[in-house]
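[1] turn this into a structure:
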Amino acid sequence: MEYTVVIRKAPDGVYIGSCPVLPEVHAQGEDHEECLANIKEALELCLECRKERGEEIPLEIETRQITVSI
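    Numbers count the residues shown, from 1 in each chain. Next up, the predicted model:
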């Protein structure tokens, strides 16, 4: 299974990751690689938990980047 994650750098320098299709999944790390490893672990745990409880396992249909002017 593949999921999109969004990684951003917080003002304090910590990297923060989230998964838009699974809003309960968040992780952080001191660097980009640590954040990616942590968000992957969080995704796996979330999906395992959802499966055990018989909850929906959402699938992504499409992801796009949209350009806006500000």
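[2] phi and psi next, for the residue nearest the centre of the chain.
    A centroid search over the chain (Cα atoms, centre = their mean) returns residue 19, at 2.6 Å, as the residue closest to the centre. Geometry field for residue 19 lists phi and psi as phi -120, psi 110, criterion degrees, to the nearest 10.
[3] tell me the spacing between it and residue 52.
    19 Å (Cβ to Cβ, to the nearest Å). Backbone N, C-alpha and C define where each C-beta goes, glycine included.
[4] likewise residue 20?
    Distance from residue 20 to residue 52, by Cβ to Cβ: 23 Å.
[5] what does residue 22 give?
    15 Å.
[6] these two: which is more packed in?
    Neighbours per residue, other Cβ atoms under 10 Å: of residue 22 and residue 52, the larger number sits with residue 22, 18 against 8.
[7] now do the contacts for that one.
    Shown in contact with residue 22 (Cβ atoms under 8 Å, 6 or more residues apart in numbering): 3, 43, 46-47, 58.
[8] with residue 18 instead?
    5-6, 25-27, 39.
[9] among these, which ones are buried?
    5, 25, 27, 39 (16 or more other Cβ atoms under 10 Å).
[10] hey, what's residue 6 bridged with?
    Beta bridges link residue 6 to residue 18, judged by DSSP bridges.
[11] let me redo that: residue 29
    Under the criterion used (DSSP bridges), residue 29 bridges to residue 15.
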